[in-house]
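Undergrad: Here is my input, please return the structure:
(3 chains)
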Amino acid sequence: MLLANNLSFKRGRKEIFQEMSISLPPKKIIHLKGRNGIGKTTFIKVLVNMLFPTTGEIYWNGKNIKKNLYEFFANLTYIMDIQTSKSELTVNENIRFWMKLFSSNIKSKQLEGIFDLLSLDKYKNTQVNFLSKGEIRKLELFRLVIEQKKLWILDEPYVGLDESTYELINGTFRNHIENNGMIFFSSHHRPELQNMDTINLENYANN
Amino acid sequence: MIKIFINPGEFSRFADIIFKPLLIVSILALFFGLIFALYLSPDDYQQGSTVRIMYVHVPSAWLAILTFFIMTIYSIVALAFKIPFGFIVNSAVAPIGATFTFICLFTGSLWGKPMWGTWWVWDARLTSVAVLFIIYLIIIFFRRSFSNIDVGEKITAIFIIVSSINLPIIKFSVDWWNTLHQPASISKFSSPSIDSSFMMPLITMTISFTCVGLLIAIIRIKGEILDRKDKI
Amino acid sequence: MQTINSILAIFYKECKIAFRIFYDVLTIILFFLLGIFIFVFSVGPNKEIFSQIGVGIIWALLLLSTNLSIKRFYQDDYNDGNIFLLHMSGLSFELIVLIKLIALWFFFQLPFIIVIPIACLILGIGTEDIYLILITFFLGSPVLTSLASISGSMNLLNNKNFAVGSVIIMVLSIPLIIFSTGIINAPPELIKPQLGILGGILLFFLALTPWVSAGCIKIALKYN
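TA: Numbering: from 1, shown residues only, chains lettered A, B, ... in the order given. The predicted model follows:
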């Protein structure tokens, strides 16, 4: 259960958002929308404790995440809006690295299946800087499966994905909330998912 | 009491109170100091009249180090206790320190020409003071190389703290390397290696330099405070 | 256990990346060698002079070569969010800095162990002095890596003034340079204390760097 109370954030003297509260119980999705430059990415960064809110607190399972940061991180997968895979490494090496980094106990058979689904299997030994934008994005979403965490926070997950992957992601989301997961994502699309609330950041922005 | 040193408003009020007395003290000290230094003090039996350069050289060296020390303390305070007044002081005081370091180098070089026969020697103390000057310059412009001024101030404060490791080197360089520069004259308070006839003008000049430095610092800090109020 | 796994994974990744871009390391070594040749050309082929100032040349060039590896430290990891990713896997920033320090020392300083004896031979430095230089190199090169780390983390958000990183390294390296080059000309009974001071500088910087770099990284993340 993720709870945020009265979050506001100032950058310099500019108020990005004010008095924003969200609560995200298990089996639920929150969709954050808002026009370009309104501060969706900033809000997500505040939510994962990369930026610190000017006022307000964030609680994970009733505990303030500032004091229990690593406990919160142990339950969080955060997909950024940028490419976190290393361009010098191959696809497979990147995935091995994430598996070791997050001590994932995912089976290699499972991995093969996902490679097939995302149609990345022929690029396994290709360096990431030879991949296309969409393929890099798909590789990024691989972390959702590798880390196997409860709470997913995604920044623009649908950017650059083709139709079939779009559906695949939605399927993964459905699957995840059936397993007591929680999802928070920002997007300009509005996918058809059950248990989904939409928050418009423009209502909280100060302009 | 402590608020005077960390709160901009309290500081401004306190500065207004002490500004006039400080001005009077510094004028008096400068007046008497110059009279002592230029007319009343005797020539050195070795160095002759050039010894009078010392009355500018030593106080500015002392202030150059003192300014850095103050900046280090304010950096630590500003970063550790999140007191933005420290950043104000840092950005106001750094040019003063740079100026005094420059005066120190310049007068030292003037003094060196008749004494050592050269404007500049690669002596440990001279080089480390020159490095101090460079550090001051870095501090002054490092802040401006960030597009976000807040980041610039914080990073500069960290840089000040880290580079303060050079202070002991400047202090002890004369003891560690036995080179041309004479050991510090008034470091040992118990038995100064300097005659009282030289001591008197030196102390007066040091007082006057410190007061003048304080006055400039107060003016600059107040200007900086107003500057920031404008921006908010 | 998970922490150790993560640390090993990061090491492995750094190794892989360093091998992929080994020409970068190679170029830095070439820079070092070429610097010595430039010195020979500019000072003239007098062996006497070189045996006297050789140590200074070697250390100055080591310092300059370190400047070339600043960007390798955190800039890439910062720009692509990897630093925060590592942080999310449960490592504190201080630990990440420490891991980076060890990994980058391994790739950007250790290769000089082969080049320095060659440089000493070219410059005509005596055999006993080569041992001493290697010992000071072992004590001093982690300090250089620490300085590169400090300077690299300070300049994460610096997008206007690229040279200032190198200047910071040079300013902070002065104590190190004084003691590491002073050893060669020191009388024999002073060698041990000087090595002790060098060791002290090393410990001081090893203790200081994680805090300073982590602080700078936190500031940079907060304002990006």
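Undergrad: and chain C, which residues reach chain A?
TA: C:2, C:5-6, C:8-10, C:12-13, C:16-17, C:20-21, C:79-82, C:84-90, C:221-222 (CB under 8 Å from any CB of the partner chain). Placement of C-beta: from N, CA and C, glycine included.
Undergrad: helix, strand or coil for residue A:85?
TA: Following DSSP: H, G, I helix; E, B strand; the rest coil, we place residue A:85 in the coil state.
Undergrad: hang on, I meant residue A:10
TA: Going by three-state DSSP: residue A:10 is strand.
Undergrad: so of the residues of chain C next to chain A, which ones are in helices?
TA: Among the residues of chain C next to chain A, the ones falling in helices (DSSP state H) are C:2, C:5-6, C:8-10, C:12-13, C:16-17, C:20, C:79, C:82, C:84-88, C:221-222.
Undergrad: List the buried residues of stretch A:75-91.
TA: A:76-81, A:83-91 (16 or more other CB atoms under 10 Å in any protein chain shown).
Undergrad: filter these down to the ones close to chain C.
TA: A:76, A:78, A:80, A:83-84, A:86, A:88-89.
Undergrad: just the helices in the chain please.
TA: Answering for chain A, as no chain was given. A:40-47, A:69-73, A:91-101, A:108-117, A:133-147, A:163-178.
Undergrad: my question was about chain C
TA: Using DSSP H, helices in chain C cover C:2-20, C:22-43, C:47-68, C:70-79, C:82-88, C:93-108, C:112-123, C:127-154, C:164-172, C:174-185, C:191-222.
Undergrad: could these go into CSV alongside distance to residue B:215?
TA: Shown next, in CSV, are the helices of chain C (distance: least, CB to CB, whole Å):
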stretch, distance to residue B:215
helix C:2-20, 54
helix C:22-43, 48
helix C:47-68, 41
helix C:70-79, 41
helix C:82-88, 46
helix C:93-108, 42
helix C:112-123, 52
helix C:127-154, 33
helix C:164-172, 30
helix C:174-185, 33
helix C:191-222, 33
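Undergrad: Now tabulate those helices in a markdown table and tack on mean pLDDT and mean neighbour count.
TA: Output for the helices of chain C, formatted as a markdown table (pLDDT from 0 to 100; neighbours: other CB atoms under 10 Å in any protein chain shown):
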| stretch | mean pLDDT | mean neighbour count |
| --- | --- | --- |
| helix C:2-20 | 87 | 16 |
| helix C:22-43 | 90 | 14 |
| helix C:47-68 | 88 | 19 |
| helix C:70-79 | 87 | 19 |
| helix C:82-88 | 91 | 22 |
| helix C:93-108 | 92 | 20 |
| helix C:112-123 | 89 | 16 |
| helix C:127-154 | 91 | 22 |
| helix C:164-172 | 91 | 20 |
| helix C:174-185 | 83 | 20 |
| helix C:191-222 | 91 | 18 |
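Undergrad: Format these as a markdown table; extra columns: distance to chain B.
TA: Formatted as a markdown table, the helices of chain C follow (distance: least, CB to the nearest CB, whole Å):
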| stretch | distance to chain B |
| --- | --- |
| helix C:2-20 | 25 |
| helix C:22-43 | 17 |
| helix C:47-68 | 12 |
| helix C:70-79 | 13 |
| helix C:82-88 | 16 |
| helix C:93-108 | 14 |
| helix C:112-123 | 21 |
| helix C:127-154 | 5 |
| helix C:164-172 | 6 |
| helix C:174-185 | 6 |
| helix C:191-222 | 5 |
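Undergrad: For residue B:216, which of those is the nearest?
TA: Among the helices of chain C, helix C:164-172 comes nearest to residue B:216, with 25.4 Å by CB to CB.
Undergrad: Show me the one of the helices of chain A that comes nearest residue B:220.
TA: So among the helices of chain A, helix A:40-47 is nearest, using CB to CB, at 35.4 Å.
Undergrad: what does the closest one rub up against?
TA: A:2, A:4, A:7, A:9, A:11, A:16-17, A:20, A:32-34, A:51-53, A:58, A:78, A:81, A:153, A:155-156, A:184, A:186, A:201 (CB atoms under 8 Å, 6 or more residues apart in numbering or on different chains).
Undergrad: which ones are touching residue B:157?
TA: So residue B:157 contacts B:74-75, B:78-79, B:86-87, B:90 (CB under 8 Å, 6+ apart).
Undergrad: just those now: which is nearest chain C?
TA: Nearest to chain C among the contacts of residue B:157 is residue B:79, at 7.7 Å by CB to the nearest CB.
Undergrad: In space, what's closest to residue A:62 - neighbours in sequence excluded?
TA: Nearest non-adjacent residue to residue A:62, counting by CB to CB, 6 or more residues apart in numbering or on different chains: residue A:1, 7.4 Å away.
Undergrad: picking up where we left off before, can you name the two of the ones next to chain C among the buried residues of stretch A:75-91 that sit furthest apart?
TA: A:76 and A:88 (26.6 Å).
Undergrad: What is the subsequent helix or strand relative to the worst-scoring helix or strand of chain B on mean pLDDT?
TA: Lowest by mean pLDDT, DSSP states H and E among the helices and strands of chain B is helix B:166-176, with a mean of 71. Remark: after helix B:166-176, the chain's next helix or strand is helix B:196-231, criterion DSSP states H and E.
Undergrad: list the buried ones in that following helix?
TA: Here helix B:196-231 shows B:198, B:200-218, B:220-222, B:224-225 as buried, counting by 16+ other CB under 10 Å.
Undergrad: Name the residue of chain B that lies nearest to chain C.
TA: residue B:145 (3.3 Å).
Undergrad: isn't that residue right next to residue B:152, touching?
TA: Yes - between residue B:145 and residue B:152 there is a contact under CB atoms under 8 Å: 7.0 Å.
Undergrad: now residue A:70, nearest residue through space, not along the chain?
TA: residue C:90 (5.1 Å).
Undergrad: about what we covered before: who touches the residue nearest to residue A:62 in this structure?
TA: So residue A:1 contacts A:23-26, A:59-62, A:182 (CB under 8 Å, 6+ apart).
Undergrad: contacting residues for residue B:159?
TA: Contacts of residue B:159 (CB under 8 Å, 6+ apart): B:138-139, B:142, C:154, C:168.
Undergrad: Most widely separated two among these?
TA: Maximum distance among the contacts of residue B:159 (CB to CB): 12.4 Å, for B:139 and C:154.
Undergrad: I'd say residue A:138 and residue A:121 touch.
TA: No - using CB under 8 Å, residue A:138 is not in contact with residue A:121; the gap is 11.6 Å.
Undergrad: These two - which one has more neighbours?
TA: Comparing residue A:138 with residue A:121 by other CB atoms under 10 Å in any protein chain shown, the one with more neighbours is residue A:138, at 24 against 13.
Undergrad: Setting the sequence-adjacent residues aside, check what's closest to that one.
TA: With CB to CB, 6+ apart, the residue lying closest to residue A:138 is residue A:118, at 4.8 Å.
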